[in-house]
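> this is a predicted model, with the sequence first.
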2 protein chains.
Amino acid sequence: MKEPIVFNSRDVHLGRSRTRAVGCVPRSDLETSKYLDDDRLVVRCLVIVIKESLLTKTRVVCSEIDVPPSDITEHLAKLLEAKEQTDVTFCVGGETFEAHKILLAMRSPVFKAELYGQMKETNMQAVTIEDMQPAVFKALLHFIYTDSLPGLDDLEGDDKLEMIRHLLVAADRYAMDRLKLVCQSILGKNLDVENVSTTLALADQHNCDKLKDVCIEFIDSSDKMDAVVATQDYANLKRSCPSVLVDVLEKTSRFRKA
Amino acid sequence: MKEPIVFNSRDVHLGRSRTRAVGCVPRSDLETSKYLDDDRLVVRCLVIVIKESLLTKTRVVCSEIDVPPSDITEHLAKLLEAKEQTDVTFCVGGETFEAHKILLAMRSPVFKAELYGQMKETNMQAVTIEDMQPAVFKALLHFIYTDSLPGLDDLEGDDKLEMIRHLLVAADRYAMDRLKLVCQSILGKNLDVENVSTTLALADQHNCDKLKDVCIEFIDSSDKMDAVVATQDYANLKRSCPSVLVDVLEKTSRFRKA
């Protein structure tokens, strides 16, 4: 049997008016048309059964009420900003910061011990923080209340990384593991030949194993070792902390073998 | 021209040793092979140009340090659970709940006024909450601390919706707008002919305009009005709160015209 010719109403004019309803063809026209094969006309019908009324279904699905995203960190940020009902004051590098003891204790076991341990008798407390810049403590408080870093928009390139390095030190001091990982992640993404030695020393001092591995991987990548060795920071690292360089050399030689 | 025969080194043995380097074919073998067509051999070369060294690129991209998702609501949930350093106790339907005033005040202007307004002199406070079930207050506290509803897993179908309705009332009482929207959204998704009248009355009493609109849309959808009118809850609504039904009838007639 020949391949069927598929009827297309747009192609068929059969010599009559185009305004005729599609589908009505006089017998005489059909008998002279190409659709008759061996005096037979095969009509294949494709029937689509719609089991549900599409119209009804559309209307039963009512509008949904949108729920805005979580606003709890926004509430916490406002609480920090408004300084209402604070119960502790920190003196940091000549500046003062007011905060809520319960929130600091909730986020840091070190703050918890300091604020609810030896000093819990006094009502309003003043705590002096040594060896920290006010801007760093401010960013630390922001992270404690909101779980995110402040914009740091007024800081450019190196100053921003310097702030992140200070925050890593603060996170280690107050045992805030997630902040420590946030800082490690940013420093790991911003490694270059100039800063990798400083970052490696920092990672070594504050037990940041993941960042240490990324620094070593960076030095080993595309054989940057020579360029790194030529920097002043590498010379400082070699003098102050030679043990970490032993780790580097051991691991890079292992990488090369692998 | 005939279709080209694509050369496949695995198919070609040309009568010699298989150990010969692929690509080296003696002239005599080629001349007797099927690849010659009308004394011509067409060689098509596909050349891929790699613009950068893939090897170097792969090695410069160092590992990234993963940062776990925010854990602040986890910390808040633990704070509620541990009941440490709480400074207020609520008595609700014979049960007591300990909490932290600062967090309640941060999340609800009504709690803020109650806890830091008239009662701020006393140190440890006990507050009695009337007209609320303990389970509802417990869920309210969970939302205050974590911005999410507790599992409610031990509740089935209608009981769960009943809890959500009570929480909507509590959210309205303590001016917690997001919780109110969360409850409206759940009730809106679970409307049926049986519960729509009750939900509509609740939405009307607690100024939930969005839920009210969804209820009216539901009643109007596929002309459920007759089925709804036949329920006991509709009869109760008609007796207790006829004004809301006037809204329904006005809006459904407007929908039909549109």
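Received the coordinates, thanks.

> when you work out contacts or count neighbours from here on, use the C-alpha atoms and nothing else.
Fine.

> so where does the residue of chain A positioned farthest from its centre fall, helix or strand?
What lies farthest from the middle of chain A is A:Ser28; by CA atoms, centre = their mean that is 72.7 Å. Using DSSP states H and E, the element containing A:Ser28 is helix A:27-31.

> counting by contacts, list what that helix packs against.
Contacting helix A:27-31 under the criterion 3 or more CA pairs under 8 Å, 6 or more residues apart in numbering or on different chains; DSSP states H and E is no other helix or strand.

> output that helix as PDB, restricted to C-alpha atoms.
Output of helix A:27-31 as PDB, limited to C-alpha atoms (Å, rounded to 0.1, in the frame of the first residue of the first chain):
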ATOM      1  CA  ARG A  27     -18.600  13.900  -4.100                       C
ATOM      2  CA  SER A  28     -17.700  14.800  -7.600                       C
ATOM      3  CA  ASP A  29     -14.700  16.900  -6.400                       C
ATOM      4  CA  LEU A  30     -13.500  14.200  -4.100                       C
ATOM      5  CA  GLU A  31     -13.700  11.500  -6.800                       C
END
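
> what average pLDDT does that helix get?
Averaging pLDDT along helix A:27-31 yields 78.

> repeat that for stretch A:164-173.
Averaged across stretch A:164-173, the pLDDT comes to 97.

> could I get the buried residue list for that stretch?
Neighbour-count burial for stretch A:164-173 flags A:164-172 (criterion: 16 or more other CA atoms under 10 Å in any protein chain shown).

> number of residues surrounding the closest residue to A:Leu115 other than its chain neighbours?
Spatial nearest neighbour of A:Leu115, chain neighbours left out: A:Lys101 (6.7 Å); criterion: CA to CA, 6 or more residues apart in numbering or on different chains. Around A:Lys101 there are 19 other residues, counting by other CA atoms under 10 Å in any protein chain shown.

> same question, the one 5 residues further on
Each residue near A:Met106 was counted by other CA under 10 Å, and the total is 18.

> kindly report the same for A:Ala230.
Neighbour count of A:Ala230, defined by other CA under 10 Å: 12.

> for A:Ala227, same thing?
12.

> who's in contact with it?
By CA atoms under 8 Å, 6 or more residues apart in numbering or on different chains, the residues touching A:Ala227 are A:Val193.

> tell me which helix or strand it sits in.
A:Ala227 belongs to helix A:225-229, assigned by DSSP H and E.

> buried set for that helix?
Those would be A:225, A:228-229, for helix A:225-229 by 16+ other CA under 10 Å.

> need the pLDDT of A:Glu217.
Value listed for A:Glu217 in the pLDDT field: 88.

> surely A:Glu194 touches A:Val228?
Yes: with contact taken as CA atoms under 8 Å, A:Glu194 and A:Val228 are classed as touching, separated by 6.9 Å.

> residue ranges in the stretch 51-200 of chain A under the pLDDT threshold?
Flagging of the stretch 51-200 of chain A using pLDDT under 70 yields the residue ranges A:51-61, A:118-124.

> and it, which residues reach chain B?
Within the stretch 51-200 of chain A, the residues that sit near chain B (CA under 8 Å from any CA of the partner chain) are A:56, A:59-60, A:62-68, A:70-72, A:75-76, A:79, A:85, A:102, A:106-107, A:146-147, A:178, A:181-182, A:184-185, A:188-189.

> can you give me the strands in the stretch 101-250 of chain A?
Taking DSSP state E, counting those that start in this stretch as the test, the strands found in the stretch 101-250 of chain A are A:125-129.

> taking it, what residue is nearest to chain B?
A:Ser185 (4.9 Å; CA to the nearest CA).

> pull the number of nearby residues for that residue.
Residues contacting A:Ser185 under the criterion other CA under 10 Å number 19.

> now A:Thr73
By the measure other CA under 10 Å, the count of residues near A:Thr73 is 16.

> surely it is in contact with A:Ser148?
No: counting by CA under 8 Å, A:Thr73 does not reach A:Ser148; the two are 9.1 Å apart.

> any figure for the gap between A:Glu114 and B:Thr89?
A:Glu114 sits 25 Å away from B:Thr89, going by CA to CA, to the nearest Å.

> same question for A:Lys83.
From A:Lys83 across to B:Thr89, the span is 24 Å (CA to CA).

> give the contact list for A:Lys224.
By CA under 8 Å, 6+ apart, the contact set of A:Lys224 is A:193, A:218.

> go again using 10 Å as the cut-off
When contacts are counted by CA atoms under 10 Å, 6 or more residues apart in numbering or on different chains, A:Lys224 touches A:192-193, A:217-218, B:60.

> which pLDDT does the model give it?
With respect to pLDDT, A:Lys224 has a value of 76.

> around A:Met176, how many other residues sit close by?
19.

> please enumerate the shared neighbours of A:Glu194 and A:Val228.
What both A:Glu194 and A:Val228 touch, as defined by CA under 10 Å, 6+ apart, is the set A:Tyr234.

> list the contacts of the residue nearest to A:Leu115.
Taking CA under 10 Å, 6+ apart as the criterion, A:Lys101 is in contact with A:86-89, A:111-112, A:114-116, A:125, B:85.

> of those residues, closest to B:Ser243?
A:Thr86 (47.5 Å; CA to CA).

> secondary structure element holding that closest one?
Counting by DSSP H and E, there is no helix or strand that carries A:Thr86.

> is it true that it touches A:Leu79?
Yes: between A:Thr86 and A:Leu79 there is a contact under CA atoms under 10 Å: 9.0 Å.

> ok, back up a step: can you pull the contacts of the residue of the stretch 101-250 of chain A closest to chain B?
By CA under 10 Å, 6+ apart, the residues touching A:Ser185 are A:179, A:210-211, A:214, B:63-67.

> same check on A:Lys83?
Residues near A:Lys83 by CA under 10 Å, 6+ apart: A:97-100.
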